[in-house]
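Engineer: next comes the sequence, and after it the predicted model I'd like to discuss.
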Amino acid sequence: MSQTQDKPSTLAKLLGFYSIEVQNIETGNVESKTDVLVMENLFWSYKPDSIYDLKGIKGRKAKSNSARKTMMDVEFMENQKRTPSYMGPRSKYVLQEALSADAEFLASHNVMDYS
């Protein structure tokens, strides 16, 4: 924990993983089971204009029949050409430090995939 304690991070914070079972009171049989992952909600008071699922895969586009439009890598790059995201020097520095620290943390725990 001390590795990441006072550093900025872009990693999602996982608060818990739970298995919920619904049991029949009379028979004792499990009728259904659901696994729930509880994560930090960064958008609790903010509705983002765009949602992207970025994986760094060239040519990956969203399916056009999706009810909720989560865009992929190609749409992100196309949108950045039309309307780039700007940030000040301090924000850029903090983001670069966070990405560097996250990569170092993941690699030190053998979570990083370098392929």
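Structural biologist: Right, received. Where do you want to start? Residues are numbered from 1 along each chain as shown.

Engineer: residues near residue 79, how many?
Structural biologist: 14 (other CB atoms under 10 Å). C-beta: built from backbone N, CA, C; applies to glycine.

Engineer: settle this for me: it is touching residue 50, isn't it.
Structural biologist: Yes: the criterion here is CB atoms under 8 Å, and residue 79 meets it with residue 50 at 7.1 Å.

Engineer: where exactly do the strands run in this protein?
Structural biologist: Here the chain has its strands, by DSSP state E, at 14-23, 30-39.

Engineer: show me where the protein has its helices.
Structural biologist: 73-82, 89-108 (DSSP state H).

Engineer: so for the longest one, mean pLDDT?
Structural biologist: Spelled out, that is helix 89-108. Averaging pLDDT along helix 89-108 gives 91.

Engineer: the first one now?
Structural biologist: On average, the pLDDT along helix 73-82 is 90.

Engineer: would you pull up how far it lies from the middle of the chain?
Structural biologist: Mean-position distance between helix 73-82 and its chain equals 19 Å (CA atoms, centre = their mean, to the nearest Å).

Engineer: now what about it, what contacts it?
Structural biologist: 50, 52, 54-62, 71 (CB atoms under 8 Å, 6 or more residues apart in numbering).

Engineer: what does stretch 13-29 rub up against?
Structural biologist: 30-40.

Engineer: so which two of these are the farthest from each other?
Structural biologist: Across these, no pair lies farther apart than 31 and 40, at 31.1 Å, counting by CB to CB.

Engineer: distance between the ends of stretch 83-97?
Structural biologist: 25 Å (CA to CA, to the nearest Å).
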